[in-house]
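In: Compute the structure for the input listed below.
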Amino acid sequence: MEVTYLITESHDGQELRHFIKGRREISSALWKRVKWNGKVLVNGEVNYNARRVLHAGDRVVLQWSEENEVVPSNIPLSVVYEDKDLLVVDKGPGMIIHPTSREAHDTLVNAVAGYFIRNDKSAGIHPVYRLDRNTTGLVVVAKSAMGQFELSKRHDCIYRQYIALVSGRVEPVEGTIEEPIGRKPGSIVEWMVRPDGKWASTEYRVLASCEEASLLLIHLNSGRTHQIRVHFSFLGHPLLGDDLYGGSLALIHRQALHAWSISFHHPSTGENIRLTAPVPTDMAQVIRHFWGSMDCLKEV
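Out: Residues are numbered from 1 along each chain as shown. I've put the predicted structure just below:
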């Protein structure tokens with residue numbers, strides 16, 4: 001990858017490091033990658049001095065490699081969208097995003113590496129956000145660290161909507177849950193609502209309901225771990241299949257949560273992109289069990 005800047009009068013006399021830190025598209029992690037594993041050229045010559053003073057008319061070029069050391073795996077991948085900058089996939093249940101050890105080769109990142117090799121493509125692999133192992137749906141993977149930073153610098157860079165099935169009849173039929181979330185004492189897995197937790201906000205709308213269950217459309221205003229699962233468990237409406245937080249396993253054996261749609265402005269073109277992923281079979285079966293059809297999703 002390569003990025004070029006032409007220094008203008010407004011940056012005359014500024015140190016190189018300060019100029020780069022002022023570029024919103026260059027994260028601190030990417031700047032470190034360029035310094036240690038790439039090249040910085042000033043007027044065509046390799047520069048090793050981050051304190052070099054720049055002058056109007058100077059040409060600064062940052063070069064780095066997006067090659068990765070991820071072990072490729074021949075795992076089926078459901079590709080929803082792809083261009084030179086981005087790959088969007090529909091993740092199935094049972095898959096984590098990143099390897100947790102050198103031996104782990106069954107993650108989304110490994111699957112993407114295998115997909116790139118099978119299709120003779122060379123690109124970086126930078127998931128923009130995570131989904132829990134058993135949450136299904138759309139995951140955006142940037143092909144460069146710069147694209148990842150552009151789409152993840154604020155929580156609202158990507159507008160995400162989830163479909164969830166929770167126990168009981170949720171009332172009111174729409175609202176916002178604002179309860180702080182922190183770790184559950186004594187657990188390395190569970191989270192809970194607690195006064196000293198971090199701010200968390202979840203918007204929801206009921207699409208269908210009965211005494212046994214409710215089908216919800218959800219948008220997160222914050223990105224806390226297990227946020228949807230914790231908030232609805234706190235309200236007494238745990239997700240179906242989510243036995244970690246009190247959900248019933250009678251109809252589904254993983255949390256009934258699906259990353260249904262995303263919309264964002266493309267980091268390179270500015271084009272507005274909106275994508276959806278069909279409700280997976282196991283959740284669709286539960287919806288039909290309670291409401292007879294999928295019609296409750298037609299207006300979403």
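In: where does the protein dip in pLDDT?
Out: 25, 37, 66-69, 101-103 (pLDDT under 70).
In: Pull up the gap between the residue most central in space within it and Lys39, please.
Out: Nearest residue to the geometric centre of the chain (Cα atoms, centre = their mean): Tyr129, 1.9 Å. For Tyr129, the distance to Lys39 equals 30 Å [Cβ to Cβ, to the nearest Å]. The way it works is simple: take the backbone N, C-alpha and C, and place the C-beta from them, glycine included.
In: For Pro278, give its distance to Cys296.
Out: On the measure of Cβ to Cβ, Pro278 and Cys296 end up 14 Å apart.
In: returning to what we had before: am I right that the residue nearest to the centre of the chain falls within a helix?
Out: No - under DSSP: H, G, I helix; E, B strand; the rest coil, Tyr129 sits outside any helix and is assigned coil.
In: Please list all residues in contact with it.
Out: By Cβ atoms under 8 Å, 6 or more residues apart in numbering, Tyr129 lies in contact with 139-140, 152, 158, 160, 223.
In: The same query, at a cut-off of 10 Å, please.
Out: Going by Cβ atoms under 10 Å, 6 or more residues apart in numbering, Tyr129 touches 97, 138-140, 148, 151-152, 155, 157-158, 160, 223, 259, 262.
In: what's the answer for Leu217, then?
Out: Leu217 touches 161-164, 174, 203-207, 260-261, 296-297, 299-300, counting by Cβ under 10 Å, 6+ apart.
In: That one: what's its closest spatial neighbour, skipping adjacent residues?
Out: Arg205 (4.8 Å; Cβ to Cβ, 6 or more residues apart in numbering).
In: just the buried members of the contacts of Leu217?
Out: 161-164, 204-207, 260-261, 296-297 (16 or more other Cβ atoms under 10 Å).
In: Closest one to Met1 out of those residues, please.
Out: Relative to Met1, the closest of the buried ones among the contacts of Leu217 is Ser261; by Cβ to Cβ it sits at 29.5 Å.
In: Then the closest one would be within a strand, right?
Out: Yes - Ser261: assigned to a strand according to three-state DSSP.
In: Who are the contact partners of it?
Out: 137-138, 159-163, 217, 219, 274-277, 300.
In: If we use 8 Å, what do you get?
Out: 138, 160-161, 274-277, 300.
In: Please identify which of these is nearest to Leu86.
Out: Leu275 (10.3 Å).
In: element containing that closest one?
Out: strand 272-276 (DSSP states H and E).
In: That strand packs against which elements?
Out: In terms of contacts (3 or more Cβ pairs under 8 Å, 6 or more residues apart in numbering; DSSP states H and E), strand 272-276 is packed against strand 79-82, strand 257-265.
In: now the ones you listed as TSV including distance to Tyr245?
Out: Formatted as TSV, the helices and strands packed on strand 272-276 follow (distance: least, Cβ to Cβ, whole Å):
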stretch	distance to Tyr245
strand 79-82	29
strand 257-265	11
